[in-house]
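Trainee: after the sequence you'll find the predicted model.
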Amino acid sequence: MNASVAIRSKGRYREGIRVSSRAKSQVLPMTVQASVVFLVVFILGNFAFSLTAHILAEGQRAQIKSMTKPLAMAREEDRQMKTALTSDKSQESIAEWADQRGFVRKYGPIVTQQETLLAQN
């Protein structure tokens, strides 16, 4: 004889009855999926925008580098014009400039340095 114990179930089985399982919650998989999509879009967008920014910055750097020589020339001309302007502020040169352009004096003649010295003596 066999020494194994025979197991007999006492429950009744009915055929045709289906046990419905509860629907699994889809919140966690949807959250993970949305997070992964967000991260992929964020990383790709960040890469694209930073690449665009680097390209634009490099273009501006090259443009500035090409403009340094004309800018230096313009600064030198500006410096020369300022020195010429400051050296030519005597009343005679201003009166000559005004006469050449047709300005009319409202307040009388210009007092020269010699007339000022005579008035002081």
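Mentor: Great, that's in hand.
Trainee: what mean pLDDT does the helix or strand containing residue 84 get?
Mentor: For residue 84, the host element (DSSP states H and E) is helix 27-87. For helix 27-87, mean pLDDT rounds to 91.
Trainee: after that helix, which helix or strand is next?
Mentor: The helix or strand immediately downstream of helix 27-87 is helix 91-100, counting by DSSP H and E.
Trainee: need the CA coordinates for that following helix. CSV is fine.
Mentor: C-alpha atoms of helix 91-100 as CSV (Å, rounded to 0.1, in the frame of the first residue of the first chain):
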residue,chain,number,x,y,z
GLN,A,91,36.6,133.7,-29.3
GLU,A,92,38.2,134.6,-32.6
SER,A,93,37.8,131.2,-34.0
ILE,A,94,34.2,131.0,-32.8
ALA,A,95,33.5,134.4,-34.4
GLU,A,96,35.1,133.4,-37.6
TRP,A,97,33.1,130.2,-37.7
ALA,A,98,29.9,132.1,-37.1
ASP,A,99,30.7,134.7,-39.8
GLN,A,100,31.4,131.9,-42.3
